[in-house]
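**Q** Could you work out the structure for the sequence below:
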Amino acid sequence: MKNVLLVVLLFVTGCASGPPEEKPQPLVAGDPTAPSQITPTESMAIANRLATHPWRPFATNILHGKDKAGILVNSPDFSHEPQQPRKGWWVPGQVNNGIPYKWGGFDDTSSFDAAISSGAAGGDVSSPAKRRADNSAVSTQAAGVDCSGFVSRCLKLPRVHDTRQLPAICTELPSAQDLRPGDLLNIPYRHVVLCAGWSNPERTWIYYYETGGGPDYWKPGLKQAPLDAMLALGYRPLRYRGMAHPAGVPGQSAKDVLTRAVKSTAVVVPNPTVGEP
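**A** Residues are numbered from 1 along each chain as shown. All right, here's what the predicted structure looks like:
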């Protein structure tokens, strides 16, 4: 009888404990001379927070016209080019999720909320004219993030580094197959996205966060696309020097840091294009 009880006790204990927990992956800190220090998990958490941040705007946060400095602003609210594939999305009076795209924007959730409360425009979409004007087309009366502002926040940089400046604080990878969560795919003077991991074991499709890119609306989001198609557009794989990396064998892959729930939100982009027209 005692033997039976012991067997039952061991069976119940084993069922209750479940599978052994995976040990945290040891990480080595990044280059101490880099502008900031961050881990892949922290970077993905920031990206998801910016992509899902809830906020409630008002009609006063809509602007389609020139700001007080004479800079043309088009907020990506529901009334912005509704007939176009890349239409506006946020609705005044409702809780919306995700910080909107803003040309030249570098807001975090706190600064964005403060700007919206003070009446700033909720975002400012890109355009060929803004690209030609560059920094002179950045409105101080709109709030949000653009592609490089988003990535700079996700790297905890103290100031925005645009697509021309990011390579100076990164190391170009010898192969895109070496990409890890927190790495970048960058085209100077054009666009940058944040790598979030591999979406298949063969490493032919990647997860990535971006803002300002199609096919969805003007906001940050998680996407998945064929790596070859991304590289064909001219993206170069970069690793931020301040990013922590796995200890051990050089080239070892970082642990997958996206949860299953977050992965389920990824938009499939079979034919990616360079964002911010």
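**Q** any idea how far residue 211 is from residue 245?
**A** As for residue 245, its distance to residue 211 is 25 Å (criterion: CB to CB, to the nearest Å). The way it works is simple: take the backbone N, C-alpha and C, and place the C-beta from them, glycine included.
**Q** Mind checking which of these two has more residues around it?
**A** Set residue 245 next to residue 211 and count neighbours by other CB atoms under 10 Å: residue 211 wins out with 34 against 18.
**Q** Name the nearest residue to the more buried one, sequence neighbours excluded.
**A** The shortest distance from residue 211 to any non-neighbouring residue, by CB to CB, 6 or more residues apart in numbering, is to residue 220 (4.0 Å).
**Q** burial measure for that neighbour, as a count.
**A** Count around residue 220 with other CB under 10 Å applied: 28.
**Q** Per-residue pLDDT of it, please?
**A** Reported pLDDT at residue 220 in the predicted model: 96.
**Q** and if you look at residue 95?
**A** In this model, residue 95 carries a pLDDT of 98.
**Q** tell me the contacts of it?
**A** 54, 55, 56 (CB atoms under 8 Å, 6 or more residues apart in numbering).
**Q** what's the neighbour count on the spatially closest residue to residue 124 that is not a sequence neighbour?
**A** With CB to CB, 6+ apart as the criterion, residue 124 has its nearest non-adjacent residue at 4.1 Å, and that residue is residue 142. By other CB under 10 Å, 27 other residues sit near residue 142.
**Q** Go ahead and confirm residue 238 touches residue 174.
**A** No - judged on CB atoms under 8 Å, residue 238 makes no contact with residue 174 at a distance of 11.7 Å.
**Q** Of these two, which one has the most company?
**A** Ranked by neighbour count (other CB under 10 Å), residue 238 and residue 174 place residue 238 first, with 20 against 9.
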